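**Q** I would like the atomic coordinates for the input below:
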Amino acid sequence: MGGILPIFARNYSSLFFCNFDSNNNNLNPNNMSAKATRILSIVLMILPSLGLIMSAVMKLSHSQQIVDGFGKIGLGNYITLIGVIELISVALFLFPKTHKIGFLLICSYLGGAISIELSTGQVPSAAIFLAIVWISVFLKDKLMFLNAPKV
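**A** Predicted coordinates for the structure are as follows:
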C-alpha cells in the first residue's frame with residue numbers, strides 16, 4: 001500500500017509504541033517495545049485500581065448510596081468488611097511481589113460483583129474493570145495465562 005500512511009508510520013511509529021515493519025510497509029503491533037508494553041501495563045493496572053480504591057473508600061465511609069444499595073441485596077452488615085477486602089486486594093495487586101495474588105483476589109471480587117449486578121438486573125459494569133485488569137496482567141506477565149516452557 002503506497003501513499004502517505006507508510007511514510008507517516010515510518011517516521012512516527014514511536015508515537016504508536018509500535019515498530020515499523022519495512023518489509024510490509026505497515027505498523028506491526030506485535031513488535032511493541034518492552035518499554036511501551038510496561039507503560040501500557042502500568043496504566044491499565046492503575047485505572048481499575050483507582051476505581052476500586054474509590055469504591056472501597058465509599059464503602060468505608062458508609063456513603064448513603066452504598067448503604068442503600070447493599071441493604072437492598074442483603075449485604076448491608078458487610079459493607080466495611082467488603083471495603084477492607086477491596087483495599088487489601090488492590091494493595092496486593094499494585095505491589096510487584098504480590099501482584100499475582102492481588103490479581104486473583106481482584107478477579108474473585110469482580111466476579112462476585114458481576115454476579116450481583118446480573119442477578120439484580122443491572123448492567124455488569126464490573127466486567128469492564130475485569131477485562132482491563134486481565135489485559136494489564138497479560139501485558140505484564142504473559143506466563144500467568146500461557147503454559148510455561150518445559151525445562
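
**Q** Tell me how many other residues crowd Val137.
**A** Residues near Val137, counting by other CB atoms under 10 Å, number 23. In short, each C-beta sits where N, CA and C put it, glycine included.

**Q** Can you pull the phi/psi pair for the residue nearest to Leu139 when sequence neighbours are not counted?
**A** Nearest residue to Leu139 in three dimensions, chain neighbours excluded: Ser41, at 3.9 Å (CB to CB, 6 or more residues apart in numbering). Dihedral pair for Ser41: phi -60, psi -40, per degrees, to the nearest 10.

**Q** And the residue nearest to Lys72 when sequence neighbours are not counted, how far from Tyr109?
**A** Leaving aside its chain neighbours, Lys72 sits nearest to Thr120 (7.6 Å; criterion: CB to CB, 6+ apart). With distances taken as CB to CB, to the nearest Å, Thr120 is found 17 Å from Tyr109.

**Q** Among those two, which residue is more densely surrounded?
**A** A side-by-side neighbour count of Thr120 and Tyr109, using other CB under 10 Å, places Tyr109 first with 20 against 10.

**Q** Enumerate every residue touching that one.
**A** Neighbouring residues of Tyr109 by CB atoms under 8 Å, 6 or more residues apart in numbering: Leu52, Ile85, Glu86, Ser89.

**Q** Low-confidence ranges, the chain, go.
**A** Applying pLDDT under 70 to the chain picks out residues 1-31, 148-151.

**Q** quick one: the strands in it?
**A** When assigned using DSSP state E, the strands of the chain occupy the ranges 19-21, 26-28.

**Q** ok, for the residue most central in space within the chain, nearest residue in space, not its chain neighbours?
**A** In the chain, the residue lying closest to the centroid (CA atoms, centre = their mean) is Val133, at 2.0 Å. Closest residue to Val133 apart from its sequence neighbours, by CB to CB, 6+ apart: Pro48 at 5.2 Å.

**Q** thought that neighbour was touching Ala131?
**A** No - judged on CB atoms under 8 Å, Pro48 makes no contact with Ala131 at a distance of 9.1 Å.

**Q** Pick out whichever of those two has more residues nearby.
**A** Pro48 (23 against 13).

**Q** Give the full set of residues in contact with the more buried one.
**A** Per CB under 8 Å, 6+ apart, neighbours of Pro48: Ile106, Phe129, Ile132, Val133, Ser136.
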